[in-house]
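K.L.:
sharing a model that was predicted from the sequence below.
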Amino acid sequence: MISKFFIERPVLSNVIAILMILIGGVALFSLAVAQYPDVVPPTVQVTTRYPGASAKTVIDTVALPIEQQVNGVEDMLYMQSYSGADGTYSLTVTFKIGTDLNFAQVLVQNRVSSALSQLPQAVQNQGVNVQKSTAILLFVTLTSPNATYDSLFLSNYATINIRDELSRLPGVGNVTVFGAGQYSMRVWLDPNKLQVRGLMPQDVIQAIQQQSQQVAAGQVGMPPTPPGQAFQYTLNVNGRLDDPSQFEDVIVKTGNNGDVTRVRDVGSVELGAQTYSQVFSLNNKPATGIGVFQSPGANALEVEKAVNKKMTELAVAFPQDIKFVIPFDTTKFVAASISEVYKTLIEAGLLVLVVILVFLQDWRAMLVPATTVPVTIIGAFAAMAALEFTVNLSTLFAIVLAIGIVVDDAIVVVEGAAHNIEKGMSGHDAAISAMDQLFAPIIGITLVLIAVFLPAAFLPGLTGRMYAQFALVIAATALLSAINAATLKPTQCALWLRRPVPPDQRNWFYRGFNAVYDRLERGYAGLIGRMVDHSNLSVIIALILIGIGGYGLSRVPTGFIPIEDQGYLLAAVQLPDGAALDRTQRVLSEVSEMAGKSPGVEQVISIAGISALDSSASLANAGVAYLILKDWSARGPGEDLRSLVVGLNQKLGDPGSADPRDSSAADPGHRQRRRLCDAGRAARRQFGLR
């Protein structure tokens, strides 16, 4: 018999248990940590820009060629595009759940490459970017406390010195700089002056392109040269222009009589931002935001640590009066949630051991299940690594539930061996005799448990992906528990168990507990006997309870994932169509000011020019505010998630702040719309986690 083989070879049993712990421990520290399993359909985003084009022009010249090529790409579910009035274009392609995101990106990239030749030259010059859509992990913000630098300088500094550094970190999928963007030389042309001189804007563009470019001037003294040439020099000439005065001196046109028209004669030049489509602020002060997006399957906590460490290193070289903070960090909730589950896991294990000690009243008997819990639970992480799962709330909850399962097998073995010892058998013979009777039931119970949970792993769609990890972890834990029950547990019973102390000789606590328990047991047995005598009434009561339960179940709101306090809220601002970015920024400033004064709100990040309600599209009449709440431990009464949402909705939902200069302000259909969304819904929708 298998158990007898291991009972007679205790070293082998312990070696197997130690291997389970070692492999599981190594897997635990190598597994990625996330809030939930990766269940959302993978998405790939295509973005480009047609400067100066209207939304209709972008649709006709950019969207149509690209979408004709991308449509029908392998494993695609659907695609959604947005063409903005500022010439921006974005296409989000959603693939089937389980599709490899890297492979999907390559497929979309190949299709987009086929459409490049059909795009306008201005779009080709801008480039078409194809990248994986990933979840935002955190915001790094740069600020100038003494207002030494404006947001444009901060954005340009972040783009040049920080973005590439963070992009190289392991686990970082994408880094996006929000705010004013990079410095750019902006040329403002006067249409009247152009008309007087018979010029078109394209003439100015061509002149600047021709006179501002890198030139390969060659070398002096390079072979073939006369004998005795001593030196050979490479010529460096002025190439691209880098000063507004240099651009103003560019010659656009030369007349027949020798008169020269320069850029300054038909316009002006200034150093400004490349685009003015976004305004980023932190607590209503100019700032720039660096959005760090996590790559699929990466360890969120490790990525956050790497970003924080890298920013600390880079901060040493910051100019004076530039500081960085990380106000928005989704890993705080992940870390707190995982910590609470680990705490629950330890509490559940200790509670089970206390219950075993109280009922079995033998500390030797308690040691057997006490060693079962760590061996099996830690071994379960090895199974998670083999199945390519992550440490998330679903898998950890499965392990918490599995504690009762793994302890049950150990208790059955202990009770069987203890019963035989009470008959006068030795520990060795008692364990062998108990396993002769219990081996088949243990295998049967394990197969039943696996049969109960395993079908959930084959559910289709997003729900199946969500609960597959939960079901498979429990099934794997039950299997490991059965292996321990057949090898390690009987070996420990044979080595550790002794004849128990008679009940009347036990300490006062055990004697008192037994007296109370015996009375409760007799009362329960009497109740069951009376219920059997009135079985018809018992069935009627059971049916009534089932009916009440069914009615209650129908009244409970349904949902896929419960709404949880993740430490931040999202306020979406939507103004009437055609509203200017300046109006959007004023409204966001008002929202930030009111929200910042609310109890429970610590900091406010606002981004004007991005719509949280339209897949993060670039819209001048839309904006979003991240309301970062205080730490859970620092909040007082009335600062829970529900109270904060209700209170902020009452403050931010007043439509009376419409721009009085807007002729449509009196029309309720055109009033400003502000929506305060919980982070669990709006943030996922904004960044592709639908």
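P.N.:
Right, received. Where do you want to start? Keep in mind that what you see is a predicted model, and the values were worked out from it rather than measured. Numbering: from 1, shown residues only.
K.L.:
mind listing what's buried in stretch 359-373?
P.N.:
Neighbour counts over stretch 359-373 (16 or more other Cβ atoms under 10 Å) mark 359-362, 364-373 as buried. Glycine gets a C-beta too; all of them are placed from N, C-alpha and C.
K.L.:
with stretch 327-339 instead?
P.N.:
Residues of stretch 327-339 classed as buried under the neighbour-count rule (16+ other Cβ under 10 Å) are 327-338.
K.L.:
what is the most widely separated pair among those?
P.N.:
327 and 338 (21.5 Å; Cβ to Cβ).
K.L.:
mind giving me the domain split of this protein?
P.N.:
2-35+348-500, 38-133, 184-214+239-273, 568-686 (automatic domain parsing).
K.L.:
so which of the buried residues of stretch 327-339 belong to strands?
P.N.:
With strands identified by DSSP state E, the entries of those that belong to them are 327-329.
K.L.:
return the distance of residue 262 relative to residue 325.
P.N.:
For residue 262, the distance to residue 325 under the criterion Cβ to Cβ, to the nearest Å works out to 46 Å.
K.L.:
let me redo that: residue 619
P.N.:
Residue 619 sits 27 Å away from residue 325, taking Cβ to Cβ as the criterion.
K.L.:
and these two? Which one has more around it.
P.N.:
Taking neighbours as other Cβ atoms under 10 Å, residue 619 and residue 325 compare with residue 619 leading, 25 against 14.
K.L.:
what's the closest non-adjacent residue to the more buried one?
P.N.:
The spatially closest residue to residue 619, leaving aside those adjacent along the chain, is residue 611, at 4.5 Å (Cβ to Cβ, 6 or more residues apart in numbering).
K.L.:
what's opposite the one you found in the beta bridge?
P.N.:
In this structure, residue 611 bridges to residue 617 when assessed by DSSP bridges.
K.L.:
about what we covered before: mind putting the buried residues of stretch 327-339 into JSON lines with pLDDT?
P.N.:
Formatted as JSON lines, the entries for the buried residues of stretch 327-339 read as follows, by pLDDT from 0 to 100:
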{"residue": "327", "pLDDT": "91"}
{"residue": "328", "pLDDT": "90"}
{"residue": "329", "pLDDT": "89"}
{"residue": "330", "pLDDT": "87"}
{"residue": "331", "pLDDT": "87"}
{"residue": "332", "pLDDT": "87"}
{"residue": "333", "pLDDT": "84"}
{"residue": "334", "pLDDT": "82"}
{"residue": "335", "pLDDT": "83"}
{"residue": "336", "pLDDT": "82"}
{"residue": "337", "pLDDT": "79"}
{"residue": "338", "pLDDT": "79"}
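K.L.:
dump the residues you listed into a markdown table; add distance to residue 203 as well.
P.N.:
Supplementary listing: these in a markdown table, determined by distance: Cβ to Cβ, whole Å:
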| residue | distance to residue 203 |
| --- | --- |
| 327 | 48 |
| 328 | 47 |
| 329 | 51 |
| 330 | 51 |
| 331 | 54 |
| 332 | 56 |
| 333 | 57 |
| 334 | 57 |
| 335 | 59 |
| 336 | 61 |
| 337 | 61 |
| 338 | 62 |
